[in-house]
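[1] I need the structure of the sequence given here:
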Amino acid sequence: MTIDNYKNVVVTGASSGIGEAIARCLSQEGLNVHAIARRTERLENLASTTNCLVHSMDVCNSREFVDLLEKIEVDVLINNAGVGRGYGQLAEANFEDIETTIDTNVKAAVHAAKAVLPGMIRRKKGHLINIGSMAGLYPLASSLYGATKGAMHVLSMDLRLELQGTGVRVTEICPGRVSTEFYDAALDDPELIENKKDSGITEVTSEDVSQAVVYALNVPQHVNVNRIELQPTEQTYGGMQFVPRSSK
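    Below you'll find the predicted structure:
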């Protein structure tokens with residue numbers, strides 16, 4: 001079951017960054033790509049330069065989102081939509097940012113999987129690809145974002161267990177630092193945004209991530225690529241820190 005055996009693909013968060021790169025890449029591979037995102041103008045540009053079918057909507061509008069998915073015979077679902085609101089320390093996060101991040105990163109992905117899996121199981125083929133993060137696998141000083149990506153990690157593992165014998169595959173793609181608009185959307189302070197964006201290293205690109213998706217789709221049917229971790233050569237995770245307690 002290589003990429004040639006699939007027809008219809010849904011990509012969420014497709015108006016920029018990783019989602020846009022995946023949508024463009026899979027469209028070039030000859031698949032019918034349904035690109036979903038909120039930003040209509042960005043989607044219109046995607047439609048004008050590819051064969052993608054675009055749908056302007058907020059995946060947090062669960063009913064509208066599910067209604068759309070149930071009208072498409074989805075062979076491949078790319079759960080990519082995600083935000084990093086409340087990216088700093090949880091103690092400083094506000095209510096709205098917590099709700100937005102959980103609704104977008106977790107709730108929408110669960111609804112999407114629920115909507116497309118019955119059809120995949122019935123047809124005995126399909127591929128669910130969750131765009132997670134290294135933040136869901138390793139400690140990060142941003143517990144809200146890390147918790148949502150950790151949820152995607154566990155969702156992916158548990159779905160593989162549930163779907164044994166159905167022919168449906170589940171892959172988790174976990175990027176580290178990727179050159180995208182992530183911080184522009186996650187943070188409000190322009191100075192902090194520029195500081196966060198200036199990593200000083202050669203970052204992974206959205207196109208690099210899209211190639212990982214193609215690889216996972218292209219392996220033979222008897223192979224499931226469980227998880228791909230990719231990060232810049234100059235970035236790593238782990239280590240140990242000792243921070244003295246503040247006297248303030």
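
[2] alpha carbons only for contacts and neighbour counts from here, please
    OK.

[3] show me what residue 55 is bridged to.
    Each beta-bridge partner of residue 55 is listed here, defined by DSSP bridges: residue 36.

[4] strand partners (parallel or antiparallel) of the strand ranked longest in the chain?
    In the chain, with assignment by DSSP state E, the single longest strand is strand 168-175. Within its sheet, and counting by DSSP bridges, strand 168-175 is paired with strand 126-131 (parallel), strand 227-230 (parallel).

[5] would a markdown table of the ones you listed with distance to residue 71 and mean pLDDT be doable?
    Below are the strands paired with strand 168-175 laid out as a markdown table (distance: least, CA to CA, whole Å; pLDDT from 0 to 100):
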| stretch | distance to residue 71 | mean pLDDT |
| --- | --- | --- |
| strand 126-131 | 16 | 98 |
| strand 227-230 | 29 | 97 |
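
[6] residues in contact with the spatially most central residue of the chain?
    Among the residues of the chain, the one closest to the centroid is residue 80, at 2.5 Å (CA atoms, centre = their mean). When contacts are counted by CA atoms under 8 Å, 6 or more residues apart in numbering, residue 80 touches 11, 12, 13, 14, 18, 19, 130, 131, 132.

[7] phi, psi of the fifth one?
    By that I understand residue 18. Here is the backbone geometry of residue 18 (degrees, to the nearest 10): phi -60, psi -40.

[8] residue 167 versus the residue nearest to it when sequence neighbours are not counted, what's the distance?
    The spatial neighbour of residue 18 that comes closest, neighbours along the chain excluded (CA to CA, 6 or more residues apart in numbering), is residue 206 at 4.5 Å. Between residue 206 and residue 167 the distance, using CA to CA, to the nearest Å, works out to 29 Å.

[9] where is the longest helix in the chain?
    Longest helix of the chain, by residue count under DSSP state H: helix 143-162.

[10] what comes into contact with that helix?
    Taking CA under 8 Å, 6+ apart as the criterion, the residues outside helix 143-162 that touch it are 84-90, 98, 101-102, 105-106, 130, 132-133, 135-137, 139-140, 169-172.

[11] go with 6 Å
    By CA atoms under 6 Å, 6 or more residues apart in numbering, the residues outside helix 143-162 that reach it are 84, 132, 133, 135, 136, 170.

[12] tell me how many other residues crowd the last one.
    This points to residue 170. 25 (other CA atoms under 10 Å).

[13] do the same with the third one
    Other residues lying near residue 133 total 25 when counted by other CA under 10 Å.

[14] hang on, residue 232 packs against residue 201?
    No. Between residue 232 and residue 201 there is no contact under CA atoms under 6 Å: 7.7 Å.

[15] with neighbour numbers in mind, choose between those two.
    For the pair residue 232 and residue 201, the greater number of neighbours falls to residue 232 (15 against 11), based on other CA under 10 Å.

[16] doesn't that one lie inside a strand?
    No. Following the definition DSSP: H, G, I helix; E, B strand; the rest coil, residue 232 is coil and is not counted among the residues of a strand.

[17] can you pull the contacts of it?
    In this structure, residue 232 makes contact with 203, 204, judged by CA under 6 Å, 6+ apart.

[18] can you tell me how far it is from residue 71?
    In this structure, residue 232 lies at 39 Å from residue 71, with CA to CA as the measure.

[19] before we move on, what about residue 176?
    Relative to residue 71, and taking CA to CA, residue 176 is found at 34 Å.

[20] so for these two, which residue has more residues nearby?
    Taking other CA under 10 Å, residue 176 and residue 71 do not tie; residue 176 has more neighbours (19 against 10).

[21] confirm for me that that one is in contact with residue 228.
    No. With the criterion set as CA under 6 Å, residue 176 and residue 228 do not qualify as a contacting pair; they are 10.8 Å apart.

[22] rewinding a little: from the contacts of helix 143-162, which land in helices?
    When helices are assigned by DSSP H, not one member of the contacts of helix 143-162 lies inside them.
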